[in-house]
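*Asks:* Would you be able to build a 3D model of this:
(chains A and B)
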Amino acid sequence: MEIIPGITINHYLIVSAILFSIGALGVMMRRNAIIMFMCIELMLNAVNLLLVAFSKQWADTSAQVLVFFIMAVAAAEVAVGLAILMMIYRNARTTDTEVLNKLKW
Amino acid sequence: MERLAQIIPFIPLAGFLLIGLSAGALSKKASAWIASGAILLAFFFTVPLFFHIQQTHAAIEVKLFDWIKTGPFDAGVAFLVDELSVLFMLVITGIGFLIHVFSIGYMKDDPGFRRYLSFLNFFIFFMLLLVMGNNLLVTFIGWEGVGLCSFMLIGFWYKEHANNEAAKKAFVMNRIGDLGFLIGIFIIYLYFGTLDFTKFLNVDSVTASGISAGMITILTLCLFIGATGKSAQIPLFTWLPDAMAGPTPVSALIHAATMVTAGIYLVARTNILFTMSPDTLQVIIWIGIATSLIASVIGIYQNDIKKVLAYSTVSQLGLMFVALGMGAYTAAVFHVITHAVFKALLFLGSGSVIHAMSGEQDIRKMGGLSKVLPVTHITFLIGTLAIAGIPPLAGFFSKDEILAAAFEGKIVVWLLAVAVSLMTAFYMFRLYFLTFKGTFRGTEKQKAHLHESPSNMSVPLIILAGLSIVAGWIGFPHALGTELGIHHGLAHFLEPVLGSHESHLSLSAELGLMGLITAMVIVVIWICYNRFVTKAHVPVSDENADISGFSGWAGKKFYVDELYDKIFLRPFNRIGVLFDQFIEHKLIDGIVRGIGQTVSWSGGRIRFIQTGNIGFYLLVFVLALALMLILISL
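*Replies:* Okay, here's the model as predicted:
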């Protein structure tokens, strides 16, 4: 079932896979904690997109409920995560993860 | 009648619980009444049972409840009251009651008075279970229970370390015997599929089970090993003399009258199996006579009043086993009964002497007590005459029956048994003369304290003395009885359980044997009188004792304890040390420590991958996840 004519489920799959990969690579390769944080949000939204697409495909709304949950949890996570980053920055004057490597061995 | 049989064992149990759980809330007087009352009540309930069985000769079987019931195995808590068990019940409750009464006087100043009485009641409960059980499992519970009570009462004065050692020794030695008994039970279940006496104890079921003759020998030997433990026979006899560490009435009740005869009861109960195994009977005869000889020789050289009686008990038990081995089961049970009476009397009498002597047990420090202890003296004399076998006292009849059976069976055994009887007469009269005749050899303080025991101690003595005179008449010998028109009541009574043991001796032979032995016993007593009264010979003190010769060896109990120490204890300890050093410290500890050290060492190496670089963690995380997904999709 197509919402926009000419765009099939495969298109959605590809887009969300690209989004997810960008997010995952960003988390792994960037050193700035805020950027990494944003990349995590990107991965979450790739999943959301996929869920909505499948929900339409199978005419099952329960996936959309899941999307709302993910958005709510992501909002809460952002609130906590940014607060932590704030505190890290105040103490260490940086958000570079290469520098923040004291917790080891 | 079933009702009576059901509740009899539980009366002493109730007494035990009442006194034991009251935790001192009951006064001494109240607990004394409860304890002795419980036994008296049990005795009164046993008497009608006895008469019922005597008239009907129908065994009473009662099942209280199912106990273990799994598949084909079915053992209930069930009682069997037949001719054999009712006799034992009468002895246990009757003599048990008298000993309870005596104990009240003997132990009245002891701080553990209530504990003592509750244990005594508990013992009677288990002893009744032992003889009343209708299957081997109930009997085994009783068997272990009396062992436990014996342990607790030998070590009653637990503040003396030696008493605890004696209690431990008795317990461990009994466990060795119990192992044999247990294996016997297993074999019986394996072949007969049941442990109920009424089901496997008949010739038909034995033939139907297809058990081989060799297996019966093994089985009966296992049961006999159990009996040697409980009844203090070679090689497990050394615990009984040490068990004298307990209070004297305990020695009378447990280590003379009742518990030690449990082995005789077991063999008599399963006599059908034993009759089928002549080899086992031979073993029993030789073990019995050897134990009897060794114990009576040691008894001659002991100077502790209770030790003499203890060795005498071992020796008499040996004679009972000789009778069992000869197939004269009735004679053995007869001797159990008469021995219970006169040995209880002798032990209680020695208790009375020890009480008067303020705890002194060494006969070298006694003497001349007949004047101050008239009642004890007369009753002790009766007991001594009874055990020596002077007619018409109890010991004469039962011992004569055993000797007659031995004479018929094996002349060598008969000769040895006669020697035992003569030695019995010798050491008992040695004990009697040294204690009651001559002059007092104790300290002045003891002399001032000498007193006759109170009535609650002397009355049981008088009753037991009376019984020692008449108890033998229940088994009047055929030789004398046919002339006088009295038949052997006991043999007739026990015939349904033990079968009849026909004597093939001629009348004159039997009478001749009796006369011969009695004459010899009187000669021995005369020799004894000469040595210990006329010449006033007193055994030398331990410091001056010559330990090199035969008397030294016998005085040291033939070093049997030391021998066991050498062959069993030391090697065992040595092995224990070896195991401690090598298995425990090297092997087991090595494995345990090794595991810990491996984990700790590898952890120390692996922790370096924890770099603190989040990017690296995430990379590994993603790669691992991807790997897993690939693996799943494959």
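
*Asks:* Helix, strand or coil: sort out the residue in chain B that chain A sits nearest to for me.
*Replies:* Chain B approaches chain A most closely through B:G612 (3.1 Å), counting by C-beta to the nearest C-beta. Any C-beta I mention is one placed from the backbone N, CA and C, and that applies to glycine too. Classification of B:G612 by DSSP: H, G, I helix; E, B strand; the rest coil places it in coil.

*Asks:* List, one by one, the residues from chain B near chain A.
*Replies:* When proximity is defined as C-beta under 8 Å from any C-beta of the partner chain, chain B approaches chain A at B:R607, B:F608, B:Q610, B:T611, B:G612, B:N613, B:I614, B:G615, B:L618, B:L619, B:V622.

*Asks:* can you redo those as JSON lines with neighbour count?
*Replies:* Shown next, in JSON lines, are the residues of chain B next to chain A (neighbours: other C-beta atoms under 10 Å in any protein chain shown):
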{"residue": "B:R607", "neighbour count": "10"}
{"residue": "B:F608", "neighbour count": "9"}
{"residue": "B:Q610", "neighbour count": "12"}
{"residue": "B:T611", "neighbour count": "12"}
{"residue": "B:G612", "neighbour count": "14"}
{"residue": "B:N613", "neighbour count": "15"}
{"residue": "B:I614", "neighbour count": "18"}
{"residue": "B:G615", "neighbour count": "17"}
{"residue": "B:L618", "neighbour count": "16"}
{"residue": "B:L619", "neighbour count": "15"}
{"residue": "B:V622", "neighbour count": "14"}
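
*Asks:* Please, where are all the helices along chain A?
*Replies:* Secondary structure of chain A, counting by DSSP state H: helices at A:9-29, A:33-58, A:62-92.

*Asks:* Would you pull up how far the last one lies from the middle of the chain?
*Replies:* Read that as helix A:62-92. Relative to the centre of its chain, helix A:62-92 is centred 10 Å away, using C-alpha atoms, centre = their mean, to the nearest Å.

*Asks:* wait, does it contact chain B?
*Replies:* No: against chain B, helix A:62-92 shows no contacts by C-beta under 8 Å from any C-beta, the least distance being 12.1 Å.

*Asks:* how far away is B:T379 from B:T93?
*Replies:* Using C-beta to C-beta, to the nearest Å, B:T379 is found at 21 Å from B:T93.

*Asks:* Skipping its backbone neighbours, what lies nearest B:S358 in space?
*Replies:* In this structure, B:S358 finds its nearest non-sequential neighbour in B:H449, 5.3 Å apart by C-beta to C-beta, 6 or more residues apart in numbering or on different chains.

*Asks:* Just the pLDDT at that neighbour, thanks.
*Replies:* For B:H449, the pLDDT comes out at 82.

*Asks:* now swap in the one 3 residues further on and tell me
*Replies:* pLDDT, the model's per-residue confidence, is 83 for B:E452.

*Asks:* Wait, B:G368 touches B:T439, no?
*Replies:* Yes: look at B:G368 against B:T439 with C-beta atoms under 8 Å: they come within range, at 5.0 Å.

*Asks:* Compare these two and say which is more crowded by neighbours.
*Replies:* B:G368 (17 against 8; other C-beta atoms under 10 Å in any protein chain shown).

*Asks:* quick one: secondary structure of that one?
*Replies:* What three-state DSSP gives for B:G368 is coil.

*Asks:* What residues of the longest helix seen in chain B count as buried?
*Replies:* When chain B is parsed with DSSP H, its longest helix is helix B:161-192. By neighbour count on 16 or more other C-beta atoms under 10 Å in any protein chain shown, the buried set for helix B:161-192 is B:163-164, B:166-167, B:169-171, B:173-174, B:176-178, B:180-185, B:187-189, B:191-192.

*Asks:* interface residues of chain A facing chain B?
*Replies:* Counting by C-beta under 8 Å from any C-beta, chain A sits next to chain B at A:24, A:27-29, A:31, A:36, A:97-98, A:100-105.

*Asks:* which regions of the stretch 451-600 of chain B sit below the pLDDT cut-off?
*Replies:* Scanning the stretch 451-600 of chain B for pLDDT under 70 picks out B:478-487, B:501-504, B:542-549.

*Asks:* Show me the helices in it, by range?
*Replies:* For the stretch 451-600 of chain B, the helices defined by DSSP state H, counting those that start in this stretch occupy B:455-470, B:478-484, B:489-498, B:507-529, B:550-555, B:560-564, B:570-578, B:589-606.

*Asks:* Indicate which one of the ones you listed is closest to B:A232.
*Replies:* helix B:560-564 (12.1 Å; C-beta to C-beta).

*Asks:* what sits up against the closest one?
*Replies:* Defining contact as C-beta atoms under 8 Å, 6 or more residues apart in numbering or on different chains, one finds that helix B:560-564 is touched by B:T238, B:K556.

*Asks:* what about 7 Å?
*Replies:* Residues outside helix B:560-564 that contact it (C-beta atoms under 7 Å, 6 or more residues apart in numbering or on different chains): B:T238.

*Asks:* Tell me the buried residues in it?
*Replies:* By 16+ other C-beta under 10 Å, the buried positions in helix B:560-564 come out as B:V560, B:Y564.

*Asks:* Restrict that helix to CA atoms and write it as CSV.
*Replies:* What follows is helix B:560-564, C-alpha atoms only, in CSV (Å, rounded to 0.1, in the frame of the first residue of the first chain):
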residue,chain,number,x,y,z
VAL,B,560,42.9,-55.8,74.1
ASP,B,561,42.3,-52.0,74.2
GLU,B,562,45.9,-51.4,73.5
LEU,B,563,45.8,-54.0,70.7
TYR,B,564,42.8,-52.3,69.1
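
*Asks:* tally of neighbours for residue 14?
*Replies:* You didn't pick a chain, so chain A it is. Neighbour tally, A:I14, other C-beta under 10 Å: 10.

*Asks:* Chain B, not that one
*Replies:* If we define neighbours as other C-beta under 10 Å, then B:A14 has 15 of them.

*Asks:* B:S31 now?
*Replies:* 25.

*Asks:* before we move on, what about B:L516?
*Replies:* Neighbour number of B:L516 under other C-beta under 10 Å is 12.

*Asks:* Could you export the residues of chain A next to chain B as JSON lines, including neighbour count and pLDDT?
*Replies:* JSON lines is the format used below for the residues of chain A next to chain B (neighbours: other C-beta atoms under 10 Å in any protein chain shown; pLDDT from 0 to 100):
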{"residue": "A:A24", "neighbour count": "20", "pLDDT": "90"}
{"residue": "A:V27", "neighbour count": "22", "pLDDT": "88"}
{"residue": "A:M28", "neighbour count": "19", "pLDDT": "86"}
{"residue": "A:M29", "neighbour count": "13", "pLDDT": "86"}
{"residue": "A:R31", "neighbour count": "16", "pLDDT": "86"}
{"residue": "A:M36", "neighbour count": "21", "pLDDT": "90"}
{"residue": "A:T97", "neighbour count": "20", "pLDDT": "83"}
{"residue": "A:E98", "neighbour count": "12", "pLDDT": "82"}
{"residue": "A:L100", "neighbour count": "17", "pLDDT": "82"}
{"residue": "A:N101", "neighbour count": "14", "pLDDT": "80"}
{"residue": "A:K102", "neighbour count": "7", "pLDDT": "80"}
{"residue": "A:L103", "neighbour count": "8", "pLDDT": "80"}
{"residue": "A:K104", "neighbour count": "11", "pLDDT": "80"}
{"residue": "A:W105", "neighbour count": "9", "pLDDT": "71"}
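
*Asks:* and of these, the nearest to B:M428?
*Replies:* Distance to B:M428 across the residues of chain A next to chain B (C-beta to C-beta) is lowest for A:W105, with 87.4 Å.

*Asks:* Once you drop chain neighbours, what's closest to A:E41?
*Replies:* Nearest residue to A:E41, sequence neighbours excluded (C-beta to C-beta, 6+ apart): A:A74, at 6.4 Å.

*Asks:* Please report how far that neighbour lies from A:G23.
*Replies:* Applying C-beta to C-beta, the value for A:A74 to A:G23 is 12 Å.

*Asks:* B:Q610 and A:W105, how far apart?
*Replies:* The value you get for B:Q610 to A:W105, if C-beta to C-beta is used, is 6 Å.
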